[in-house]
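A.B. asks: I would like the atomic coordinates for the input below:
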Amino acid sequence: MDTAHLADAIDPTLVLLTVEEAARRLQIGRTVCYRLIRSGELESITVGHLRRVPADAVPEFVTRRRKRQRPAATLTAVPAA
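C.D. replies: Residues are numbered from 1 along each chain as shown. Purely as a prediction, here's the structure:
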């Protein structure tokens, strides 16, 4: 990855991300990211013919996932006897 591309990947001032940039931030593949977008789990918008993910949608997605998985984790915990 070249330096300019690396700067885009971590630039906190970006408002909209490409699907690839969103996938990179989530450390998932592009195909999985498109699946999340199609299912409505990850917000996206179109700008002309381009698909973009709002930068704030990435941490919101992670927060929703964490909240959804946290109760399941506490239910499976076995109390010490």
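A.B. asks: going forward, measure contacts and count neighbours with C-alpha atoms only.
C.D. replies: Fine.
A.B. asks: Work out the gap between the top helix by length along the chain and the centre of the chain.
C.D. replies: For the chain, the helix that runs over the most residues, judged by DSSP state H, is helix 57-76. With Cα atoms, centre = their mean, to the nearest Å as the basis, helix 57-76 stands 13 Å off its chain's centre.
A.B. asks: I'd like the average pLDDT over the longest strand along the chain.
C.D. replies: Ranked by number of residues, the top strand in the chain under DSSP state E is strand 50-54. Mean pLDDT, strand 50-54: 98.
A.B. asks: same thing with stretch 26-41?
C.D. replies: Regarding stretch 26-41, the rounded mean pLDDT is 98.
A.B. asks: starting at the chain centroid, how far to that stretch?
C.D. replies: Per Cα atoms, centre = their mean, the centroid offset for stretch 26-41 relative to its chain is 7 Å.
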